[in-house]
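Undergrad: heads up, no residue letters with this:
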């Protein structure tokens with residue numbers, strides 16, 4: 001019974017945490033952050049990003065992100081800095 005309670009508590013805690021905290025890798029963080037830009041029409045400059053997001057339309061170098069998207073990008077960038085991520089640099 002204690003194991004079940006512990007597992008339920010861990011599952012609840014995991015559900016409450018941001019996605020970036022559970023990202024498998026620096027690439028996952030990079031992908032999630034850039035997906036937000038791709039969905040808002042950003043025209044990527046790097047080969048990796050252009051190849052990764054080639055199925056998204058691009059129409060701007062300065063996409064307008066919602067407040068939620070801006071906060072999410074900032075969270076991901078903080079996580080990338082903490083981990084020392086260097087995907088696509």
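TA: Arrived safely. Quick caveat, the model's predicted, so the values are computed rather than measured. Numbers count the residues shown, from 1 in each chain.
Undergrad: quick one, helices of this protein?
TA: Taking DSSP state H to define them, one finds helices in the chain at 2-16, 26-38, 47-52, 67-83.
Undergrad: Pick out the residue nearest the middle of the protein.
TA: residue 32 (2.7 Å; CA atoms, centre = their mean).
Undergrad: wait, doesn't it sit right on residue 77?
TA: No. Using CB atoms under 8 Å as the test, residue 32 is too far from residue 77 to be in contact (10.9 Å). Every C-beta, even on glycine, is put in place using the N, C-alpha and C of the backbone.
Undergrad: Which of the helices of the chain has the lowest mean pLDDT?
TA: If you rank these by mean pLDDT, helix 2-16 sits at the bottom with a mean of 53.
Undergrad: wait, which of the helices of the chain is closest to residue 61?
TA: Proximity to residue 61 (CB to CB) singles out helix 26-38 among these, at 10.3 Å.
Undergrad: what angle separates the closest one from helix 67-83?
TA: Angle of helix 26-38 versus helix 67-83, following axes from the mean of the first three to the mean of the last three CA atoms, to 10 degrees, is 160 degrees.
Undergrad: Tell me the buried residues in helix 26-38?
TA: Buried residues in helix 26-38, counted by 16 or more other CB atoms under 10 Å: 26, 28-34, 36-38.
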